[in-house]
Structures are given as C-alpha cells and as structure tokens.
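1. the following comprises the amino acid sequence and a computationally predicted model.
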Amino acid sequence: MKPLFQIKALSKSYGARVLFDDATMAIPEKGKIGLVGRNGAGKSTLLRILIGEEHPDAGEIVASEMLRLAYLSQSDPFEESETVQSFLERVSGKPEWECARIAARFEITPELFGASVRTLSGGFQMRVRLSAMLLSDPNFLLLDEPTNYLDLNTLLLLEKFLQSYNGGFMIVSHDREFLKNTCEQTLEVEHGRLFLFPGDVESYLEFKEDRRSEQIRQNRNIEARRKELAGFVERFRAKASKASQARSKQKQLERLHTIEIDHPLRNVRIRIPSPQSRKGLALRTEGLAIGYDGLTVAAGISLQIRSGARMAVLGQNGQGKSTLLKTLAGRLEPRAGSFRWGKGSVAYYAQHVYGEIPEDRTIVTYLTMAAARDVTRQEILDMAGSFLFQGDDVEKPVRVLSGGERARLCLAGLLLGKSEILLLDEPTNHLDFETVEALGFALRDFTGTLFVVSHDRTFVKLIATEIIEIDRGEVSVYPGDYDGYVYRLQSGAGSTTNARPIEASSARESPTASPVSGGLNDYQMRKRDRSDLALKNREARESEERVRHLEAERDRLLKELADDPGSYVPERDERLTTIARELEDCEARWLTLQGEIEELRTRT
C-alpha cells in the first residue's frame, strides 16, 4: 500500500517549547492509527498541521492525490437554532435525502433529523458531526478526542462504525479501551519525534517497556566492558610487552558507546491525601426529584449509600447524571423529596467549575489555598506535577492557562482538600490516558465516598464498586458489576466482537484423530492412548519451536522499525500482521494440545 501522506522533517515550536524536531514518517492507506502522547506533546497540533489549520516552522506534509481528508475537531460547529437537517445541508452541500441516509447510519431518526441540534444530548450531537464528516466522502478521518462527553451507547456505536469503516483514520483519545477496540497501529508523539508501531496500544506499551529494559541491560553490559578494558589499559600501558595490547584495548574502549536512552516520561503517580475515615451511611435520599428550568428529569429517587462506596453514575446523555450530581452538590434545588449527607465535607468537580478559580492566583498559590491545612508543600508540588505542572510552571498565573489546564488545576486542588465525599463529573476530560489511569488507581485507594460520572471504561473499571443507573426518569442501583453493564449495552447496540468461527476446511486435524472403535479391550485402549500421547507431545514441542521462531522474527522486524521509524515498508508491516495471526493460532493450538495431553495422561 502506498502512503496517503508523508511527514517530512517536521519542526514546530511555540517559543521555547519544542513540539516537533525533524519528525518524519509515512501514513499508510487505510491505516487505523491511535495517536498517543502526554498532554502538551503536540497531538492536536499535529492534526491541525495535517489539515492546514496550522503551519510547521520547517518541513512539509506531502499528500497523495488520492487523499480525501475529513477532520473532527473538539470545537462546536453548530449555529444557533440550526436543525440537524439544515446543519448537514449547510456543511456538506448535499441534498436532504442524502443527508438523511447518512444520518440514519448513526441511528438519527426522522424526528431527530428535524430537531434543533443544540437541544440534543452531547452523544447525539457527536452523531450529527460524524454524519457531516461522511457526507464529504473521505477516505481518511482525523478524530480529536471523539469520546469526550459521549454516553456508552454512542461510544459503542462509534466503535462499531470505525471497526467496519473501509478507509483509514487517526484518533486522539485518552480512552485506552476505545483505542484498543478500534486501532490496529499506534503513533506516539514523544520528545519531538513520531514513532509508528504496527500494533494496538496494549502491544505498543508492552513493546516500549521491553525495549527500554533491553536498552538498560545493554548499557549495563557496555559499562561493565568499559570498566574491564579501562582496567587492562591502566595496568599494562607502562609495560613494554603489553603496550601494544593496551593501545588496542584503548581503541576498543573509545569505540564503546552506550545506547542513548531519552529521558523517559515519568510514570504518573497520584497520591490523594487521605480524609478522615467514616462509618455508616454517606447519603440517604427519599422521594428525591431532580431537574432544572422547570423540567423534572428523574423522580422518586430513594437511595442509601454506605460510607466508602465508589459509585459510578451511568446512563445515556440527557438522562440526568450531571443533574443528579449538581443537585447533591447543592448547585441545584431538589424539585421534590429530600436528601441528607452523613458526616464529612462534600467536594464537587465539573467541567465548568474551573471558571471559579481566581485569575490573580498562581498555580501553586491556588493549590495551597485549596489544600487542607495539614497538607504539606511537598504534597502540593507532587500533586501539581502529577497534573503536568512541573518546575517553574507552578509559578504561572491562572489567567494565562488554557481551559484544559484550568480544569486539571481545579481537579488537583479538589483532591488536595481531603474532603470525605467527592462528586466528580467527567474528571478524565483534558487528561492523557497515563494520567487518567493514575487517577483511577489513586481513587481506587481513596478511603472516602466517591460518585463519578464517566464513560471511560478503563477508568470506571478501575474505581467502581457499585453502579447507579439513570434510565428514563428512574434512578436505581444496578444489580450487577460494570462488566455486566457494558455487556448489556453492547448486546443492545450490536456486538462489537469480531468472532471468527473455525471452518472445517481450516481446522488442523491431529494425525491420530480417529473414531473410537468398538470392541477394544483395556490393554488395546491404553496402548492406543500411549501412541496418541507420544504424537501429541511431539506436536506440542513443534508448536513451541514454531512460536520461538516467530517471536524471533517479529523482534527482528520491530528492531528494524525502531531503528528507522520514519520509513514505511509495506512488506514488513504485512509480515508483522501475518506473524501476529500465526502466533495466535500456534498458541491456541498449543493450549488445545496441553488439554488433550493432560486427559490422555490421566487415562494411561
């Protein structure tokens, strides 16, 4: 496959901050790529450069004549009072029937087609924007954080669409599960460079860790060799009989260089100062009704939540998740009924809350103000660093921060407050997935009570002990775990599993497989089983050997890729894909053989 576009010697800086430094790579046709990197590494900037919204300081983007690019940004493209139909017709220039046909792919009904876009939930607005993209007939999509604010139903629909999409795409997302389910390759932006790995995000992170461990091991071996050579030179340089050898060793020593390991991105660790431990009920609601602007969105809410529970508040967009948290936080008055918190303070985080941060504060003075009295300055600086405010950054005034930076700052301050009850509405937006997962691990160890609205599956899986579901005006504790909840939605939205049944013509038959013959005595049956056992043991050894050969070839090809990440070699990528399939088949066959061997051993 020819590359759709090539990035050549790309450089881009904002003042002293370098995003790209001579970055080079090729994007393959129909590549399904997850774009990852820490916040501020340049992911969104790269997408804007690719579509021409921004220009590099040096280098160029060379696009194929075949390229038809479509871009899904994080910005709001809708006009006031615009209907779905009028928006799609405006941005695409296509007739009504064609707009309706594409919109139907995202389950936008005729009733919604005539509705005002801004009255729709965030999930349906995303469906409208995806429809607009497809109306331009693209063959490559650029998606910048498409999962932000999506309910699970829409997220699963988007996954299903991308899995079946015939073109290529590049996705920026903090949702690891989403990237794993949709992307076959991983592109990382790190230290000003681009590296394209021919595998999903899980495989890439494993490869990255293995490569770093191997580099460290090689450096240790080189250092040991350097010491050995240096000792020889030191001992024998003055001896005439050994002088020539000493000079030879000195030359060897000068040729020995350790492998350069870029300063690794620090593993994110977030430590939340522990609040006072509480017992009993954290929350009791009785006949509670919630809503806003004269509208009731849910009623008859009667809950009893124990202290220390970690509740995930789930449901489709527009059902009242944020309204529930806002009511419990005291930002909205109940429309009926009542609720009562147990002992302890309540802290509330939502996307708009960062607007309440005083602009005349610096990062460190705001966090000091937000922190509990007994939180140390080092704990404050550690929390700032965990949310990517490091070194001199902590002295920046709030007024110069972007919306995403203010959101992170607000969340960091809330976690330093040592409140016994946390209400968090979409806390993972504006975070890279390393920080998302670090926050998940920290909240899993949180000793207080937690209510979280989030559709990031990895994050919710890490923290949730119970689920509150809001569905069609009813609020209840879901009688199952999170895996069961997601499975139920997947079943309703259509399975996202690409099951491949084994066909009879492709199934590998054992040379000893034969029907059991009638009339065999015990001796004859044991003799036959021993013969089967020997043959299956031999086949298992052959499978193991095949796996070793495939792994060695895979590692060699990956090393080639790591040594020259900018080159695109279609044959190499195709071979890596073939090796991955063969390894899967070999390992599956080996597992089957082990079960058959164990059964035969019990009979012989």
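-> Yep, it's here.
2. going by C-alpha atoms from here, please, whenever you check contacts or count neighbours.
-> OK.
3. now the element after the longest helix seen in the chain, going C-ward?
-> Ranked by residue count and defined by DSSP state H, the top helix of the chain is helix 522-563. Next along the chain after helix 522-563, taking DSSP states H and E as the criterion, comes helix 570-603.
4. flag every buried residue along that next one.
-> 572-573, 576-577, 579-580, 583, 586-587, 590, 593, 597, 600 (16 or more other Cα atoms under 10 Å).
5. and it, how far out from the chain middle?
-> Here the centre of helix 570-603 is set off from its chain's centre by 28 Å, with Cα atoms, centre = their mean, to the nearest Å.
6. do the same with stretch 41-54
-> 20 Å.
7. stretch 278-296 now?
-> 33 Å.
8. same question for that stretch, mean pLDDT?
-> On average, the pLDDT along stretch 278-296 is 90.
9. dump the C-alpha coordinates for it into PDB.
-> Only the C-alpha atoms of stretch 278-296 are listed here, as PDB (Å, rounded to 0.1, in the frame of the first residue of the first chain):
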ATOM      1  CA  ARG A 278     -16.200   7.500  58.300                       C
ATOM      2  CA  LYS A 279     -18.700   4.700  59.000                       C
ATOM      3  CA  GLY A 280     -22.500   4.300  58.500                       C
ATOM      4  CA  LEU A 281     -24.400   5.900  55.600                       C
ATOM      5  CA  ALA A 282     -22.800   8.600  53.400                       C
ATOM      6  CA  LEU A 283     -26.100   9.500  51.600                       C
ATOM      7  CA  ARG A 284     -29.800   8.900  52.000                       C
ATOM      8  CA  THR A 285     -32.400  10.200  49.500                       C
ATOM      9  CA  GLU A 286     -36.100  10.000  50.000                       C
ATOM     10  CA  GLY A 287     -38.500  10.500  47.100                       C
ATOM     11  CA  LEU A 288     -36.000  12.900  45.500                       C
ATOM     12  CA  ALA A 289     -36.900  14.600  42.200                       C
ATOM     13  CA  ILE A 290     -34.200  16.400  40.100                       C
ATOM     14  CA  GLY A 291     -34.400  18.800  37.200                       C
ATOM     15  CA  TYR A 292     -33.800  22.300  36.000                       C
ATOM     16  CA  ASP A 293     -35.600  25.300  34.400                       C
ATOM     17  CA  GLY A 294     -39.000  23.900  35.400                       C
ATOM     18  CA  LEU A 295     -38.200  20.400  33.900                       C
ATOM     19  CA  THR A 296     -38.100  17.300  36.000                       C
END
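10. show me the contact partners of that stretch.
-> Contact with stretch 278-296 is made by 297-308, 320, 323-324, 327, 332-344, 420, 448-449, as judged by Cα atoms under 8 Å, 6 or more residues apart in numbering.
11. in helices, which of those fall?
-> Per DSSP H, those map to helices at 323-324, 327.
12. possible to save the residues you listed as CSV with distance to residue 429 and pLDDT?
-> Supplementary listing: these in CSV, determined by distance: Cα to Cα, whole Å; pLDDT from 0 to 100:
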residue, distance to residue 429, pLDDT
323, 18, 92
324, 19, 94
327, 21, 95
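13. between those residues, which has the most around it?
-> residue 324 (23 neighbours; other Cα atoms under 10 Å).
14. that one: what's it in contact with?
-> residue 290.
15. before we move on, the earlier item: please convert the buried residues of helix 570-603 to a markdown table, extending it with pLDDT and distance to residue 315.
-> Putting these into a markdown table (pLDDT from 0 to 100; distance: Cα to Cα, whole Å) gives the following:
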| residue | pLDDT | distance to residue 315 |
| --- | --- | --- |
| 572 | 76 | 44 |
| 573 | 71 | 40 |
| 576 | 77 | 40 |
| 577 | 73 | 37 |
| 579 | 81 | 41 |
| 580 | 75 | 37 |
| 583 | 74 | 39 |
| 586 | 75 | 41 |
| 587 | 67 | 39 |
| 590 | 70 | 42 |
| 593 | 73 | 44 |
| 597 | 76 | 48 |
| 600 | 74 | 50 |
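16. before we move on, back to that, I'd like to know which of the contacts of stretch 278-296 are buried.
-> Neighbour counting with 16+ other Cα under 10 Å marks 297-303, 305-308, 320, 323-324, 327, 334-336, 338-339, 341-342, 344, 420, 448-449 as buried within the contacts of stretch 278-296.
17. okay, now the unreliable bits of the stretch 251-400 of the chain?
-> 251-268 (pLDDT under 70).
18. and the residue nearest the centre of this protein?
-> residue 176 (1.9 Å; Cα atoms, centre = their mean).
19. helix or strand next in line after the lowest-mean-pLDDT helix or strand in the chain, which one?
-> Every helix and strand in the chain was compared by mean pLDDT, DSSP states H and E; the lowest is helix 243-255, with a mean of 65. For helix 243-255, the following helix or strand on the C-terminal side (DSSP H and E) is strand 281-292.
20. next, the angle from that following strand to helix 321-328.
-> Strand 281-292 runs at 120 degrees relative to helix 321-328, counting by axes from the mean of the first three to the mean of the last three Cα atoms, to 10 degrees.
21. can you give me the helices for the stretch 351-500 of the chain?
-> For the stretch 351-500 of the chain, applying DSSP state H, counting those that start in this stretch gives helices covering 363-370, 377-386, 403-416, 433-444, 457-463, 482-493.
22. in TSV, list those helices along with mean neighbour count and distance to residue 34.
-> Putting these into TSV (neighbours: other Cα atoms under 10 Å; distance: least, Cα to Cα, whole Å) gives the following:
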stretch	mean neighbour count	distance to residue 34
helix 363-370	20	32
helix 377-386	18	23
helix 403-416	22	21
helix 433-444	21	12
helix 457-463	19	16
helix 482-493	14	22
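23. looking at those helices, which is nearest to residue 180?
-> helix 457-463 (10.8 Å; Cα to Cα).
24. by contact count, what packs against the closest one?
-> Helix 457-463 sits against helix 176-182, helix 433-444, helix 482-493, with contacts defined as 3 or more Cα pairs under 8 Å, 6 or more residues apart in numbering; DSSP states H and E.
25. for it, the distance to its chain's centre please.
-> Worked out by Cα atoms, centre = their mean, helix 457-463 lies 11 Å from the chain centre.
26. what average pLDDT does that helix get?
-> Averaged across helix 457-463, the pLDDT comes to 87.
27. hey, C-alpha coordinates of that helix in CSV?
-> Taking Å, rounded to 0.1, in the frame of the first residue of the first chain, the C-alpha atoms of helix 457-463 are listed here in CSV:
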residue,chain,number,x,y,z
ARG,A,457,-14.4,2.2,30.5
THR,A,458,-10.8,1.7,31.8
PHE,A,459,-11.3,4.4,34.4
VAL,A,460,-14.7,3.2,35.6
LYS,A,461,-13.5,-0.4,35.7
LEU,A,462,-10.6,0.7,38.0
ILE,A,463,-12.7,2.5,40.5
